[in-house]
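Enquirer: model the following, please.
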Amino acid sequence: MASDLNEAQAQQQLDELTYHIESAFSRHLSNLDSVPDEIDQGTLDEVLDEVARNSAYGQANGPGNNVSTFTDLSGSHGLAHLNAAGKLFKVTDPVPLGGYQAKLSESAIEDLKRRPEVLKVVQDRFGTLDVDDDPPANITSSPEAPWNLQRLSSTAPFDQNANPEALTYTYRRPEVAGLAAKPVHIYILDTGIITTHEEFQGRQVFQGPNYSQDQNNNNDTHGHGTHVAGTVGGNQCGVARDPRVRITGVKVTTGHGFIDGARAVRLSAVIRGLEWVLGQHQANPDVPTVINMSLKFAPGDDALDHVVDKMVDQGVHVVVSAGNAGQDATSQSPARAHGALAVGASTIKDEYWQNSNFGPKVAIFAPGVKIMSAGIAGPAERVPKSGTSMASPLVAGMIAWLIQQERDRSPQAMLQRLQELADASGLVITGVPPNTTNRLIWNGVR
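Expert: Got it, this is the predicted structure:
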């Protein structure tokens, strides 16, 4: 697959299911609650082996359809059978979510649909990035901050002539005396991170695995992911600045292909990224995990929602952008996922941003218009970006900060804590559509 797709090429990949176009499907085997207890490994092996035998790709007839399979049943032995048979072009290693990906013919996919073990078949697709180019405490003040950090840490209104692109604001936050900050791991599924930017000097900021269209370049060549990371925890533009916060970029898109004018990202790449993060979380169960995903798949996708909810069930905080379509947030994934914390965008005047998605799925609002953060043109560059993509990482950073200053909570209890703080601020977002919260993120400093 080319690293750069124009809009027409990307749309062709979605519209045409031919052996010349790489298309992808996602298959869900039923979980243990949906399968008889007496099902054994041999039954799963038979299903997988028959898929391999029916695969036109295995007969070297050209690329088949890319299938991502998720199952709660043990699949390691069956995957070994498929690899040994040489019938599948690519099968990923077993992962904590029990998934694998493979290229299969359409006849093999139809066979899967007829299997009683198969719950659902979902075509892989392109989504897009959501961007429009209480103990006693001492207060730490950091000048030369962007406006979103002053809004996070103050209840005072901005001057009517305030410049949102100026780095002349103040970020204030409590430092709890005698409390050793806890380590927190934050994962950003995006375009990657330029870790050499001065926003990240002296910090634990790493570039993790690359699941994007371009496997030969791990760097952020677009800038979206680096900007998001700067808001999460940069030295000047970030919320969670403690050195024990570790930020890892998981590259799921280059950001250079287009779908309907927005930056394209593959569903299969996002799911693989989530699987990898869950593996890291399970390997370090005592360290709280926060994920930021400033991206969307519209209409929504059951497969992605399933994975997000499964991660939340394991205690992972999943913060996502609500979307920039000016629609109900239930129209897209992962914002519509039951466990996702969807963030809407507000302006410097504490007004609802007209392009922000809305509705009951939006949990809270955060500044998202002309947000200054790290750029990629040079190690000192800061650039403005707008969108719910910029609002979401402020909340992700706030969750990491709350974990360090107070304690970790379940994702549901953490949302409740954020809403309690917002209610106590006296701040509200004006102009919100019906059935939408007017809560604005606040860290408790007046």
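Enquirer: quick one: low-confidence ranges for the chain?
Expert: Flagging of the chain using pLDDT under 70 yields the residue ranges 1-105, 107-109, 111-112, 115-139, 175-180, 257-263.
Enquirer: beyond the helix or strand harbouring residue 264, next helix or strand please.
Expert: Using DSSP states H and E, residue 264 maps to strand 262-266. Counting by DSSP H and E, the next helix or strand C-terminal to strand 262-266 is helix 267-283.
Enquirer: what does whichever helix or strand comes after that following helix contact?
Expert: Downstream of helix 267-283, the next assigned helix or strand under DSSP H and E is strand 289-293. Strand 289-293 has contacts (C-beta atoms under 8 Å, 6 or more residues apart in numbering) with 184-190, 228, 232, 270, 274, 277, 280-281, 311, 315-321, 334, 392-393, 396, 399-400, 403. Backbone N, C-alpha and C define where each C-beta goes, glycine included.
Enquirer: ok, stretch 372-381 next?
Expert: With C-beta under 8 Å, 6+ apart, stretch 372-381 has contacts from 146-147, 164-165, 167, 194, 196-200, 220-223, 226-231, 234, 237-238, 382-385, 390.
Enquirer: now swap in stretch 350-358 and tell me
Expert: Looking at what lies outside stretch 350-358 - C-beta under 8 Å, 6+ apart - the contacts are 132, 151, 157, 322-329, 331-332, 335, 342, 344-347, 362, 365, 368-369, 386-388, 391, 427-433, 435-436, 440.
Enquirer: could you redo the last one with a cut-off of 7 Å?
Expert: Stretch 350-358 has contacts (C-beta atoms under 7 Å, 6 or more residues apart in numbering) with 132, 322-329, 335, 344-347, 368-369, 388, 427, 429-433, 436, 440.
Enquirer: strands - which of the contacts of stretch 372-381 land there?
Expert: Among those, the members falling in strands (DSSP state E) are 382, 383, 384, 385.
Enquirer: before we move on, the earlier item: just the buried ones from the contacts of stretch 372-381, in ChimeraX syntax?
Expert: Buried residues within the contacts of stretch 372-381, by 16 or more other C-beta atoms under 10 Å, are selected in ChimeraX with:
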select :146,147,164,194,197,199,200,220,221,222,223,226,227,228,229,230,231,234,237,238,382,383,384,385,390
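Enquirer: the contacts of stretch 372-381 in helices, which ones?
Expert: 147, 226, 227, 228, 229, 230, 231, 390 (DSSP state H).
Enquirer: hang on, isn't the second one packed against residue 197?
Expert: Yes - here residue 226 reaches residue 197: they are 6.3 Å apart, a contact under C-beta atoms under 7 Å.
Enquirer: hmm, back to that, filter the contacts of strand 289-293 to the buried ones?
Expert: Among these, the ones that count as buried (16+ other C-beta under 10 Å) are 184-190, 228, 232, 270, 274, 277, 280-281, 311, 316-321, 334, 392-393, 396, 399-400, 403.
Enquirer: in helices only, show me those residues.
Expert: Those of these lying in helices (DSSP H): 228, 232, 270, 274, 277, 280-281, 311, 392-393, 396, 399-400, 403.
Enquirer: nearest spatial neighbour of residue 409, skipping sequence neighbours?
Expert: Excluding the flanking residues, the one nearest residue 409 by C-beta to C-beta, 6 or more residues apart in numbering is residue 417, at 6.3 Å.
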